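> A structural model of the following input is requested.
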Amino acid sequence: MKGWTIVFQGPDYAAGVVLASLEAAGFRAEVMTDTGHLWPGLAAEESRVFVPEEQAGEALRMIESEFPAEPPGAG
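Numbers count the residues shown, from 1 in each chain. Presented below is the predicted three-dimensional model:
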């Protein structure tokens, strides 16, 4: 998608959460799911969340703060 940047890639259910969080924070965001199946909609399918290039840096920072790789207290 020209002019758009991938800010998240993962299972469809997680992409939906990231998409909703970005939209709630005022970002313009879209999701694309790679089904590879005759019947789409499986929660484990790979999806990508895109934002306009000019919003990518701020969107990535928000995703990293809202969804840290390590849960608090782990480690």
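
> Now do the buried residues in stretch 20-28.
Neighbour-count burial for stretch 20-28, counted by 16 or more other C-beta atoms under 10 Å, picks out 21-22, 27. Backbone N, C-alpha and C define where each C-beta goes, glycine included.

> Now W4. Nearest residue, chain neighbours left out?
Leaving aside its sequence neighbours, W4 sits nearest to F50 (C-beta to C-beta, 6 or more residues apart in numbering; 4.1 Å).

> On the three-state scheme, that neighbour is what?
Secondary structure for F50, judged by DSSP: H, G, I helix; E, B strand; the rest coil, is strand.

> Do I have it right that it meets M32?
Yes: look at F50 against M32 with C-beta atoms under 8 Å: they come within range, at 6.9 Å.

> higher neighbour count, these two?
Neighbours of F50 and M32, each counted by other C-beta atoms under 10 Å, are more numerous for F50; the result is 22 against 14.

> and the least confident helix or strand in the chain by mean pLDDT, which strands flank it?
When the helices and strands of the chain are compared on mean pLDDT, DSSP states H and E, strand 30-34 comes out lowest with a mean of 88. Here strand 30-34 is paired, per DSSP bridges, with strand 46-52 (antiparallel).

> Buried residues, the partner strand. List them.
47-51.
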